[in-house]
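Engineer: Got a predicted structure here, sequence first:
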Amino acid sequence: MATQALYKKRPGWLTFSAVVLFAVAVLRFISAISYFSSSHKVNDLSAGLFGNQLWGWGLWDLCIAALAFFGALSLLRGETFGRLVAYVWAIVIMIESFLIISVAPWYAASTIALTVLVIYGLSTTADWSDTGRPR
């Protein structure tokens, strides 16, 4: 007789939140590559590191992509690091969306809705862990 695994099925909302973080990681990685490829076009050095230095923005996007990628992996394993990264990402993006709502209302509204869904997904699955036992 085969033994049954003690793992509970991962909640769909938690998987949704991890997929959103993976999407953030991929898009930020693509953005970083774009910044790195265009950085030779900027010659004005008077504005500091992030003023007209596209390589600085590329490095920033690369760090955000790595954080989102490892946060999504951690979230799929049920670890606290992934939850922390996802909550911080959602709160920062929600604040940013409220700041740009007068400039890009549809974009802001859609990102607010996305962050609300991520926060909902994280908060409703707070007791899930990879071992199947509540924390």
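Structural biologist: Perfect, thanks for sending it. Residues are numbered from 1 along each chain as shown.

Engineer: Does anything pack onto the helix or strand hosting Ser97? Which helices or strands?
Structural biologist: Assessed by DSSP states H and E, Ser97 sits inside helix 80-99. Under the contact criterion of 3 or more Cβ pairs under 8 Å, 6 or more residues apart in numbering; DSSP states H and E, the helices and strands touching helix 80-99 comprise helix 12-38, helix 54-77, helix 105-124. Every C-beta, even on glycine, is put in place using the N, C-alpha and C of the backbone.

Engineer: Quick one, which of those helices gets closest to Tyr87.
Structural biologist: The closest of the helices and strands packed on helix 80-99 to Tyr87 is helix 105-124. By Cβ to Cβ, the value is 6.2 Å.

Engineer: Now do that closest one, average pLDDT.
Structural biologist: pLDDT averaged over helix 105-124 equals 91, rounded to a whole number.

Engineer: which stretches of the chain aren't confidently modelled?
Structural biologist: Screening the chain residue by residue with the criterion pLDDT under 70, one finds the ranges 1-8, 38-53, 129-135.

Engineer: change it to 80
Structural biologist: Within the chain, the ranges that satisfy pLDDT under 80 run 1-8, 37-57, 127-135.

Engineer: picking up where we left off before, let's have the helices and strands packed on helix 80-99 in TSV, adding distance to Glu96 and mean neighbour count.
Structural biologist: Conversion of the helices and strands packed on helix 80-99 to TSV gives the following (distance: least, Cβ to Cβ, whole Å; neighbours: other Cβ atoms under 10 Å):
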stretch	distance to Glu96	mean neighbour count
helix 12-38	13	17
helix 54-77	13	18
helix 105-124	8	15
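
Engineer: now those in JSON lines, with distance to Ile95?
Structural biologist: Below are those laid out as JSON lines (distance: least, Cβ to Cβ, whole Å):
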{"stretch": "helix 12-38", "distance to Ile95": "16"}
{"stretch": "helix 54-77", "distance to Ile95": "16"}
{"stretch": "helix 105-124", "distance to Ile95": "9"}
